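Undergrad: the amino acid sequence is not available; the structure is as follows:
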C-alpha cells in the first residue's frame, strides 16, 4: 500500500535522539521508495548540500520479509544514494532494518549501518516514523496525521540512460524525485505537491541541484506503464 | 501561551521507547495543565482503570524556570494525580523535568521520578511531545500538527469543596477535566471537543468515573473570573 512517512526522530547510538530535518519518505503501492532528508537549519558549511541524505530505490533494491503482524524486516541496497554519488563512505551490502508498528500507529525503525573502514563495527540507529495522509498533504505546515488510502494515487517514473539515473514517486498529493547526473556525479532533488485541477506540480518544498529541468513538471496526460515521456519511463500507475 | 501536546513516545530507561496511549496534555495561557493518558488497548485487567495515569494541576503546582531559549525546567508537584488518589506509590517532592524544543518543533521531556521505597534511586524517563493546533482539533483521527495561536480560547475551572477537587481546561476546541471525589477516593475524567455553534461539549473521547455528571457540559454563558457555576469556579478566561 502507498505510504507517506514523516520522521519524528533519529538516534545514532549511543548519542541522544534528535530531529533537525524535514524528512519524508514516500513509498508507492509497488514498493518504489524515496527518502528526502533536508536540514531545517543548515549551517553555512552545509548550504552546498543542505541534506542529511537523499536516497531511494525501486522495489527490487529492498528485500522485505515479515517477522510478525506488527514487524517487518527490510534490507536496503538503495538504487540511488547521495553518499554513493558524492563519494562518501557507504556500505556495499544490504543495510538491515526492522520496522515495528506501535499501538499509537507510529513505526519504529531500528537498524545497523556499517560504513567501510570502521573495522566492520556496526553503528546502531533508531528512527521513529509518523504516517501522514498523502491525499491531503498540502505543505510542511498543512498536513494530516493518518494512513494513506490503499487506492490513493501511486505513480512511479524512472530514467535510466547514459546521462541520468533517477526516480520520481507520486503518492497521493506528494511528489518526490531524485536524479543522478552521471557526467559530473551530481544529485538533484525535488519535493512538491500536485495541483488538484491542472495536475501540474506546485509549491516546491525542495528544489535542489543542477538537473532540475530534467524532472517532469506535471502528471503526464497519458499514463501507460512502459511508455516514455521526455526520457522518463512510467513504471507504475 | 496555550498549548495542546500529543505524546509520541515514552521511554523508561533502560527499557526501550514505546507508545501505547493516546496522551494529550492541555496547558492554558496561565499555566493550568491536565495530562490524560488513556491506554489504546487496555487488557482485561486494566479495564477498571484504563489509563497509564491521569494528572494535572494549577499553575502554582509547577515551578517553571528558563534554562535557555530552547530549554525550560519544570518541577511538578501535581494538584491532582491518579496515583495519589488510588493509593499508588508517588513521590512527595517536586518531580524535576527538562523540556527541550527540537528544530523539528517537537519537544523532548527528560526527567527523573523517585517513587518511595526504592532506596531513593531515581528512574530516568524520556517523553516526546508533538504540538497540535488546539483550535482545529476535532477528534483523535482529525487534527493538525502545529502550534496553538497565542489568542486561542483558554479557559480553566476548578472545584474545591469538602466533597470534590477538580480542574477543567478548555484550550481551543479541546476540553479535558479531572475530578477527585474525596468520599471514596475515586477519580473521574473527560476529554471532548466544543461544538462551534452551541458551545456544548460533544464527541467525548474519554468519559470515565462515577462523578461524570459533576463536570460542566458546555462553556458557561457568563465567563467572569471568580464567578461560580454548579460549584465550579471560573479561574481563567
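TA: Happy to help now that I have it. As the structure is a computational prediction, the values presented were derived from the model and not from experiment. Residues are numbered from 1 along each chain as shown, chains lettered A, B, ... in the order given.

Undergrad: going by C-alpha atoms from here, please, whenever you check contacts or count neighbours.
TA: Will do.

Undergrad: okay, now the sheet partners of the helix-or-strand element of chain A with minimal mean pLDDT, with direction.
TA: Within chain A, confidence by mean pLDDT, DSSP states H and E is lowest for strand A:228-229 among all helices and strands, at a mean of 92. Sheet pairing for strand A:228-229, assigned by DSSP bridges, gives strand A:232-236 (antiparallel).

Undergrad: quick one: distance of the partner strand to the chain centre.
TA: In terms of CA atoms, centre = their mean, to the nearest Å, the centre of strand A:232-236 is found 17 Å from the chain centre.

Undergrad: what residues does that strand touch?
TA: A:30, A:154-160, A:223-228 (CA atoms under 8 Å, 6 or more residues apart in numbering or on different chains).

Undergrad: mind redoing it with 7 Å?
TA: Contact with strand A:232-236 is made by A:155, A:156, A:157, A:158, A:159, A:224, A:225, A:226, A:227, A:228, as judged by CA atoms under 7 Å, 6 or more residues apart in numbering or on different chains.

Undergrad: reformat those residues into TSV and put neighbour count and secondary structure next to each item.
TA: TSV is the format used below for the contacts of strand A:232-236 (neighbours: other CA atoms under 10 Å in any protein chain shown; DSSP: H, G, I helix; E, B strand; the rest coil):
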residue	neighbour count	secondary structure
A:155	24	strand
A:156	27	strand
A:157	25	strand
A:158	23	strand
A:159	23	strand
A:224	13	coil
A:225	14	coil
A:226	12	coil
A:227	13	coil
A:228	17	strand
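
Undergrad: which of those residues sit farthest apart?
TA: Within these, A:159 and A:224 form the most distant pair, 15.3 Å apart (CA to CA).

Undergrad: all helices of chain A, in order?
TA: All helices of chain A, identified by DSSP state H, fall at A:82-86.

Undergrad: okay, and for it, where does confidence drop off?
TA: Across chain A, the ranges flagged by pLDDT under 70 are A:118, A:120.

Undergrad: can you give the domain ranges for it?
TA: A:3-136, A:154-236 (automatic domain parsing).

Undergrad: adding distance to residue B:139, write those out as TSV.
TA: Listed next are those as TSV, based on distance: least, CA to CA, whole Å:
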stretch	distance to residue B:139
domain A:3-136	15
domain A:154-236	23
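
Undergrad: what's next to stretch A:35-43, contact-wise?
TA: Contacts for stretch A:35-43 (CA under 7 Å, 6+ apart): A:20-26, A:50-56, B:103.

Undergrad: can you pull the residues of chain A lying near chain B?
TA: Residues of chain A lying near chain B by CA under 7 Å from any CA of the partner chain: A:18, A:19, A:20, A:21, A:40, A:102, A:103, A:104, A:143, A:144.

Undergrad: now do 6 Å
TA: Within chain A, the positions adjacent to chain B are A:19, A:20, A:103, A:104, A:144 by CA under 6 Å from any CA of the partner chain.

Undergrad: what's the closest of the domains of chain A to residue B:166?
TA: domain A:3-136 (28.4 Å).

Undergrad: now do the contacts for residue A:31.
TA: For residue A:31, the contacting residues are residue A:59, by CA atoms under 6 Å, 6 or more residues apart in numbering or on different chains.

Undergrad: look up phi and psi at it.
TA: phi 90, psi 10 (degrees, to the nearest 10).

Undergrad: residue A:226 now?
TA: Torsion angles, degrees, to the nearest 10, at residue A:226: phi 100, psi -20.

Undergrad: from residue A:160, how far off is it?
TA: From residue A:226 across to residue A:160, the span is 13 Å (CA to CA, to the nearest Å).

Undergrad: picking that back up, quick one: distance of the least confident helix or strand of chain A to the chain centre.
TA: 22 Å.

Undergrad: and the residue nearest to residue A:145 when sequence neighbours are not counted, how many neighbours?
TA: Leaving aside its chain neighbours, residue A:145 sits nearest to residue A:132 (4.3 Å; criterion: CA to CA, 6 or more residues apart in numbering or on different chains). Using other CA atoms under 10 Å in any protein chain shown, residue A:132 has 19 neighbouring residues.

Undergrad: wait, residue A:132 touches residue A:143, no?
TA: No: taking contacts as CA atoms under 6 Å, residue A:132 lies outside contact range of residue A:143: 7.2 Å.

Undergrad: spit out the contact partners of residue A:82.
TA: Going by CA under 6 Å, 6+ apart, the list of residues near residue A:82 reads residue A:54.

Undergrad: now the one 10 residues further on
TA: With contacts taken as CA under 6 Å, 6+ apart, residue A:92 has no neighbouring residues.

Undergrad: what do you get if the cut-off is 8 Å, keeping everything else the same?
TA: Per CA under 8 Å, 6+ apart, neighbours of residue A:92: residue A:77.

Undergrad: farthest-apart pair in the contacts of stretch A:35-43, please.
TA: For the contacts of stretch A:35-43, the maximum inter-member distance is 24.4 Å, found between A:56 and B:103 (CA to CA).

Undergrad: and the two? Which one has more around it.
TA: residue A:56 (27 against 16).

Undergrad: I figured that one hits residue A:81, correct?
TA: Yes: using CA atoms under 8 Å, residue A:56 is in contact with residue A:81, at 6.5 Å.

Undergrad: quick one on the thing from earlier: residue B:64: which of the contacts of stretch A:35-43 is nearest?
TA: Among the contacts of stretch A:35-43, and counting by CA to CA, the member closest to residue B:64 is residue B:103, at 21.5 Å.

Undergrad: separation between the closest one and chain A?
TA: Distance, residue B:103 to chain A, by CA to the nearest CA, to the nearest Å: 5 Å.

Undergrad: nearest spatial neighbour of that residue, skipping sequence neighbours?
TA: residue A:20 (5.1 Å).

Undergrad: residue A:59: neighbouring residues, count only.
TA: Residue A:59: 18 neighbours (other CA under 10 Å).

Undergrad: quick one on the thing from earlier: please enumerate residues in contact with the least confident helix or strand of chain A?
TA: With contacts defined as CA under 8 Å, 6+ apart, strand A:228-229 is touched by A:220, A:234.

Undergrad: who is the residue nearest to residue A:217 when sequence neighbours are not counted paired with across the strands?
TA: Distance criterion CA to CA, 6+ apart; nearest residue to residue A:217, sequence neighbours excluded, is residue A:201 at 5.4 Å. Taking DSSP bridges as the rule, residue A:201 bridges to residue A:194.

Undergrad: what's the local residue count around residue A:201?
TA: Around residue A:201 there are 19 residues (other CA under 10 Å).

Undergrad: buried stuff in stretch A:111-121?
TA: Buried residues in stretch A:111-121, counted by 16 or more other CA atoms under 10 Å in any protein chain shown: A:111, A:112, A:113, A:114, A:115.
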